[in-house]
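Trainee: make a model of this:
(chains A and B)
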Amino acid sequence: MEKFIYHNKGFTLVELLVYIGIAAISFILILGIIYGIIYYTSFYFDKVTLSNEMFKILHKIYYNSIEAKNIQTTTSSVSFEFNNSYEKLFASGSSLYIENASGTDRYTSSNIKLMDFLVSTSGPYVKVFINVSNLKGDQNLSATSVIYKLSFNE
Amino acid sequence: MKFKSQILVEVIVGLSVFILVAILIFALFTIVSKSLKLSEEALVVYNLSSNYSYILLGIARENFSQLDKLEENVSYFLSPTSTGYEIIEGRELYPYKLENYYVWFTVENKTLEGDPSQKLLRIYVQSPNTLKSSLIVLTNLKERAIFQDEWKEATSSIIVITPTTSLIYYSTKTENVNINGEVYLP
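Mentor: Just a heads-up that it's a prediction; the model follows:
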């Protein structure tokens, strides 16, 4: 059996403090980056979701207004009448719903909240104010869609 | 001593790599936030540009002669009134989230293809980073329609040519639209 030999290769107090300091700084930086990644990932997806949902709502309104033969409104809904069908967009709770002959479905994602869906008319124009926010409520996006209300009674 | 020196070198190298990675991640976040900003801007530009398209479509249908009074290559914007919109010379300021957007339109050609009932307009939206524009042809289809059915169909037409910002693509009963670019049909 080999005899145990003690080698004096230990750290001095200063060296130990330096290494501990470096390790502590590294640890703090790692924690900071992990927090940053989590925070920005959440921030990024919330923003992207809001933009996508807003674009989806705006596009639906614009496109339907071209196709529709008539548009009916209330203060919280807008209804597009096509040749043989219809689509009604209306707000209920914190979501936007779409109603047609097949039934009613939620149009907006469950990852956002619809804060406002206000419909008003001005002459032949329909204005729809839309405000959406993320579930935490710290980000929001708003837009006003203006469409021309066709009338065929001329 | 050699053992301790090796550890020190390894720690310094490791820390350097780590700092480099941190800088790269920071740069990535910067790019991501910039892309988010541009995405939000694109949405506002799409919204403003589309609104102007539909309002101008309404004006063309309700009171086309109002467009005859406009000068070519002069900036105009649309101001809301109690019964619709009126055309005013200048540019509209649209503040959104502490940033200023400007939206306006110009008449590029009052008699498109020699036809005074066709007008070529360009809608501009100035965002904090870019200037986007899209062309729109407004036609006085009411005078052209012979039958009521044609009038009904014609009035639902809106054509945006070479859209740089928006996604309006619908056309019915429109003749001789051959401007440089594409006309998207449903």
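Trainee: every contact and neighbour count from this point should use C-alpha atoms.
Mentor: OK.
Trainee: just the strands in chain B please.
Mentor: Taking DSSP state E to define them, one finds strands in chain B at B:76-81, B:84-89, B:92-96, B:99-109, B:118-126, B:131-139, B:159-161.
Trainee: which one, of those strands, ends up nearest to chain A?
Mentor: Set against chain A and scored by Cα to the nearest Cα, those come closest in strand B:84-89, at 4.9 Å.
Trainee: and the closest one, which strands flank it?
Mentor: Its sheet considered, strand B:84-89 pairs with strand B:76-81 (antiparallel) by DSSP bridges.
Trainee: extract the C-alpha trace of the partner strand and format it as CSV.
Mentor: Extracted in CSV, the C-alpha atoms of strand B:76-81 (Å, rounded to 0.1, in the frame of the first residue of the first chain):
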residue,chain,number,x,y,z
TYR,B,76,-54.1,65.6,-49.1
PHE,B,77,-55.5,63.9,-46.1
LEU,B,78,-58.9,62.8,-44.9
SER,B,79,-60.5,64.5,-42.0
PRO,B,80,-63.6,63.0,-40.3
THR,B,81,-66.8,64.9,-40.2
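Trainee: can you give me the neighbour number for residue 40?
Mentor: All of this is about chain A. Neighbour count for A:Tyr40, taken as other Cα atoms under 10 Å in any protein chain shown: 15.
Trainee: chain B is the one I meant
Mentor: Applying other Cα under 10 Å, I find that B:Glu40 has 19 neighbouring residues.
Trainee: ok, and the closest non-adjacent residue to B:Phe64?
Mentor: B:Asn140 (6.3 Å; Cα to Cα, 6 or more residues apart in numbering or on different chains).
Trainee: circling back to that earlier point, mean pLDDT added to the strands of chain B, as CSV?
Mentor: Compiled in CSV, these are given as follows (pLDDT from 0 to 100):
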stretch, mean pLDDT
strand B:76-81, 89
strand B:84-89, 88
strand B:92-96, 91
strand B:99-109, 92
strand B:118-126, 90
strand B:131-139, 88
strand B:159-161, 42
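Trainee: ok, the residue nearest to B:Phe64 - contacts?
Mentor: Taking Cα atoms under 8 Å, 6 or more residues apart in numbering or on different chains as the criterion, B:Asn140 is in contact with B:60-61, B:64, B:117-118.
Trainee: against B:Asp115, how distant is it?
Mentor: As for B:Asn140, its distance to B:Asp115 is 10 Å (criterion: Cα to Cα, to the nearest Å).
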